[in-house]
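Colleague: all I have is the shape, not the residue letters:
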């Protein structure tokens with residue numbers, strides 16, 4: 001499996017600073033339980049994976065969620081492929097190495113795990129903050145990434 005990532009940039013304004021947590025108050029869609037989360041978005045970047053299933057192109061994000069100061073924070077790797085309208089969780093781990101589940105980037109086989117809409121909104125906003133990354137990332141609408149100029153085409157154009 002080959003992994004290519006472009007436009008890698010931390011979601012924070014400066015890479016040396018720690019990203020500031022965002023507090024989200026949400027209601028779980030199935031149970032109706034109101035919960036407050038502290039969310040820290042570490043990265044949002046473009047990813048391309050070539051595997052036996054084909055080529056997957058989209059966005060990948062890493063975020064940390066903590067529901068209360070007494071609970072361990074959980075790190076989630078989320079992805080949104082071109083043409084998808086929502087974010088899906090690919091992996092979830094705890095500090096200390098415990099793995100809740102882990103799937104490859106963009107793996108939608110079986111039962112994919114959708115992120116809550118409020119968390120997806122935060123990731124979409126962070127994707128818009130990275131210059132030149134997305135063209136369209138509104139929730140519920142298909143994802144459109146900006147075109148990446150190939151280095152070979154740029155060199156050929158410069159020679160001509």
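Modeller: That came through, no problem. Please read all numbers here as calculations on a predicted model, not as lab measurements.
Colleague: when you work out contacts or count neighbours from here on, use the C-alpha atoms and nothing else.
Modeller: Fine.
Colleague: by mean pLDDT, flag the weakest helix or strand of this structure.
Modeller: Scoring the helices and strands of the chain by mean pLDDT, DSSP states H and E places strand 2-6 at the bottom, with a mean of 45.
Colleague: now do the helix or strand just after that one: which elements does it pack against?
Modeller: Sequence-wise, the next helix or strand downstream of strand 2-6 (DSSP states H and E) is strand 22-27. Packing partners of strand 22-27 (3 or more CA pairs under 8 Å, 6 or more residues apart in numbering; DSSP states H and E): strand 34-51, helix 117-129.
Colleague: now the angle between helix 117-129 and the first one, please.
Modeller: Taking axes from the mean of the first three to the mean of the last three CA atoms, to 10 degrees, strand 34-51 and helix 117-129 form an angle of 50 degrees between their directions.
Colleague: who does the residue nearest in space to the middle of the chain bridge with?
Modeller: With distances taken as CA atoms, centre = their mean, residue 61 lies nearest the centre of the chain, 2.4 Å away. Beta-bridge pairing for residue 61 (DSSP bridges): residue 44, residue 78.
Colleague: check what pLDDT it gets.
Modeller: pLDDT, residue 61: 91.
Colleague: now it: how far from residue 34?
Modeller: According to CA to CA, to the nearest Å, residue 61 stands 24 Å off from residue 34.
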